[in-house]
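**Q** dropping the sequence and predicted coords here.
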Amino acid sequence: MSACLQPSDALIVVDVQRDFLPGGALAVSHGDQIIPVVNRLLTRFSCKVFTRDWHPADHLSFSAQPAFTDKSWPPHCVQNTPGAEFHPDVRADLADRIVSKGADPKQEAYSGFQGTDLASWLQARMVKRVFVAGLATDYCVKATALDAKAAGFSVFVVTDAVRGVDQPAGSAAAALDDLEQAGVRLTTSQEMLKT
Ligand code: VGL
Ligand code: ZN
């Protein structure tokens, strides 16, 4: 339950980049299904933030035999390569702020708040509630939502606007459970956009 959207609400769109979408290096299955939902949400927020995974070519999380878990990913979202670009169908041109993360070759950084000024940037704009959408539910969406909560925001994850890596199967649903345990609320675009 999110009630009506308010001017002090922000939308954070996490990592809707070519490499996380079908055909990309670290494709999240059905990740493309969120794009029209994200685009609809973008029309309703005055404060819109996009995060992007922005790795150097020698990032420690890259593996030649990736296990698709922490620190064992195929090379992805390398700075200034096509895979790091926002997907052409998502309205990233509407972003008020783009936050790059994961640029330190020696650190895994899933959250848009980790090592960035995002919390103070939102606070300076009097944001109270943040709504999180994007990829992937079980990694960057989860970490970003938890950090938003820890920074004092009221946090919602828009469940039809996220998809997970989900390896092993069930991890994405488990991530949503963990988020609820931490006091993050779940909502849907339908719930948010009605009336
Ligand atoms: C992500 C794995 C590695 C994400 C980023 O955006 O969720 N997942 N890097
Ligand atoms: Zn990454």
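**A** Looks like it came in fine. Ligands and ions are numbered 1, 2, ... in the order given.

**Q** where does this protein have low pLDDT?
**A** Applying pLDDT under 70 to the chain picks out residues 1-3, 195.

**Q** longest helix anywhere in it?
**A** helix 171-181 (DSSP state H).

**Q** tell me the residues of this structure that contact ligand 1?
**A** The interface of the chain toward ligand 1, taken as CB under 6 Å from any ligand atom, is made up of 15, 20, 53, 73, 110, 135, 136, 139, 140. (Glycine included, C-beta is placed from N, CA and C.)

**Q** before we move on, what SS does residue 168 have?
**A** Following DSSP: H, G, I helix; E, B strand; the rest coil, the label given to residue 168 is coil.

**Q** neighbours of it, how many?
**A** 9 (other CB atoms under 10 Å).

**Q** likewise for residue 103?
**A** For residue 103, the tally of surrounding residues (other CB under 10 Å) stands at 15.

**Q** quick revisit: which residues sit against the helix or strand just after the longest helix of the chain?
**A** Following the chain from helix 171-181 toward its C-terminal end, the next helix or strand by DSSP states H and E is strand 185-187. Residues lying outside strand 185-187 but in contact with it, judged by CB atoms under 8 Å, 6 or more residues apart in numbering, are 1, 2, 131, 154, 155, 156, 157, 158, 159, 176, 179, 180.

**Q** please enumerate the strands of this structure.
**A** Shown for the chain, the strands assigned by DSSP state E span residues 9-14, 47-53, 97-101, 129-135, 154-163, 185-187.

**Q** most tightly surrounded among those strands?
**A** Most buried of those by mean neighbour count (mean count of other CB atoms under 10 Å) is strand 9-14; its value is a mean of 28.
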